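# task: produce atomic coordinates for the following.
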Amino acid sequence: MKRSQLLRESPVTTIIFASTLVAVMGVSLISPALPAVQDAWNISEAQASLLLSAFTLPGVFLTIPMGLLADRIGRKKILVPSLVVFGLCGAGVVLFSDFETILVLRAVQGAASSAIATLTVTLIGDLYTGEKRRTLIGMNAAILAVGAAGYPLLGGALATISWTAPFICFLFGIVVALPGIVYLEEPSDTGDGASTSIREFVTGSTSMKPYLVLYTAIFGIFLLLYGAQLTVVPFILANSYGYSSGVIGLLLGLPAVMMGLTAMQGERLLRSVSSFQSIALGFTSYGAGLVLVSVADSVYLVAGALLLFGLGQGLAEPITDTALNELAPDEFRGSIMSIRTSVLRLGTTVGPPVFVGLATFVGYAQTLLVGGGVALLVGISWLLVRTTQSSRIVVSD
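Numbering: from 1, shown residues only. Next up is the predicted model:
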């Protein structure tokens, strides 16, 4: 089925994809505006960076309870209010001058963002199956990549007009919530008070090993993405090559573009390899890209290495979502996907301090070399795992 047909046949898919664009706004739209915010509020760089930490940290702890609640009362009853809260708290920042209040608003907005990010992927798993599900998860990942690449450019441009302009954009959450009230479907097999609890499922006869492997992979993916690519690589580009923020932003957009193009082919890829093998290939590509950046002596080699990193992102990230959706029982999909988002947020939160901390001892290039080497080792070792072991998380047709 063509992707354009999938979008035309149901407004639900459009709402899901629009919600994904909302969820990814919280960090990428604001990051380039931090200097303008710092000047406007007369705060330090460390204080300005708290706008990002306050947004990401709540998701580590609050996403799982939200997933449990979504399994109990339904997806729509969590997603639509989360979109409204995201919009109101995000745009509400411009109405306050008290920094502590602003951080509270960002924390509430971050919790709402985590719920949105969880439920978009969960709804795809609820409402679609087989090839259509795989195609839509790939499209969702591609849309996320477009947002990750485009929002920094938009946020930076808007911040030149006013520091408030990027925050006003968060009202887009309310715009998406309105049609969601009318068109979003509540899957018939959720919110019905299933007799089996998530605790009984976890402690029952079902093997938890595939879930643990996938959650470990998700943590590694976002540890590398936020710690290596989005934190260390910009310092290398600035210090070693002397590039401006604009040029650095363009170069950092390359992995997102490649990730999006690769993610769109996820359904075709899974016809040839298992999900486990695709994730392993992703980590191998991550590692090769980071190692190349660490030893590169020209911007062209850096650009090629970043494209290789993006290829790894496209091979690994959307496939973990597909595999989890295929593994998850319908009545527990919200809970299982919420753990995925919580692990994801943990990786994004600890990645920057881990990589920057290591760089203070060995340098930025050496840090990428170490991180890339570990990713290569993980990817290659997973590729060598016997097919009988990896088949446990192969996505079924």
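# so where does residue 236 fall, helix or strand?
helix 233-241 (DSSP states H and E).
# contacts for that helix?
243, 247-248, 251-252, 293, 299, 302, 306, 359, 364-365, 368 (C-beta atoms under 8 Å, 6 or more residues apart in numbering). Yep, even glycine has a C-beta here, placed from its N, CA and C like the rest.
# likewise stretch 283-295?
By C-beta under 8 Å, 6+ apart, stretch 283-295 touches 217, 220-221, 224, 228-229, 233, 236, 301-302, 304-313, 315-316, 365-369, 371-380, 382-383.
# just give the nearest non-adjacent residue to residue 323, would you?
Nearest non-adjacent residue to residue 323, counting by C-beta to C-beta, 6 or more residues apart in numbering: residue 275, 4.1 Å away.
# isn't that neighbour right up against residue 324?
No: judged on C-beta atoms under 8 Å, residue 275 makes no contact with residue 324 at a distance of 9.4 Å.
# just the strands in the stretch 101-250 of the chain please.
Taking DSSP state E, counting those that start in this stretch, the stretch 101-250 of the chain contains no strands at all.
# flag the shaky bits of it, pLDDT-wise.
Along the stretch 101-250 of the chain, the parts satisfying pLDDT under 70 run over 188-203, 245-246.
# show me which of residue 275 and residue 324 is the more surrounded one.
More crowded of residue 275 and residue 324, by other C-beta atoms under 10 Å: residue 275, with 30 against 26.
# quick one on the thing from earlier: which one of the contacts of helix 233-241 is nearest residue 52?
Nearest to residue 52 among those is residue 252, at 15.7 Å by C-beta to C-beta.
# which SS class is that closest one?
helix (DSSP: H, G, I helix; E, B strand; the rest coil).
# any idea how far residue 34 is from residue 240?
Plainly put, residue 34 is 23 Å away from residue 240 if you go by C-beta to C-beta, to the nearest Å.
# let me fix that: residue 21
For residue 21, the distance to residue 240 - C-beta to C-beta - is 34 Å.
# now residue 96
Residue 96 is 40 Å from residue 240, by C-beta to C-beta.
# likewise residue 19?
Taking C-beta to C-beta, one finds residue 19 at 39 Å from residue 240.
# what's the answer for residue 267, then?
Distance from residue 267 to residue 240, by C-beta to C-beta: 39 Å.
# more neighbours: which of those two?
Neighbour count, other C-beta under 10 Å: between residue 267 and residue 240, residue 267 has more, with 21 against 14.
# my guess is the more buried one contacts residue 135, does it?
Yes: between residue 267 and residue 135 there is a contact under C-beta under 8 Å: 4.8 Å.
# now stretch 339-353: average pLDDT?
The average pLDDT within stretch 339-353 is 86.
# which of the residues in it are buried?
Residues of stretch 339-353 classed as buried: 339-352 (neighbour count, 16 or more other C-beta atoms under 10 Å).
# which outside residues touch it?
Stretch 339-353 has contacts (C-beta under 8 Å, 6+ apart) with 27, 53, 56-57, 59-61, 63-64, 67, 114, 117-118, 121, 211, 214-215, 218-228, 230-231, 320-321, 324.
# likewise for stretch 242-252?
Contact partners of stretch 242-252, identified using C-beta under 8 Å, 6+ apart, comprise 32, 152-153, 156, 229-230, 233-234, 237-238, 299, 302-303, 306.
# show me what counts as buried in it.
Residues of stretch 242-252 classed as buried by neighbour count (16+ other C-beta under 10 Å): 243, 248-249, 251-252.
# swap in stretch 328-337?
Buried residues in stretch 328-337, counted by 16+ other C-beta under 10 Å: 328, 331-337.
# ends of that stretch, how far apart?
Its start and end residues considered, stretch 328-337 measures 8 Å (C-alpha to C-alpha, to the nearest Å).
# thank you kindly, that will do.
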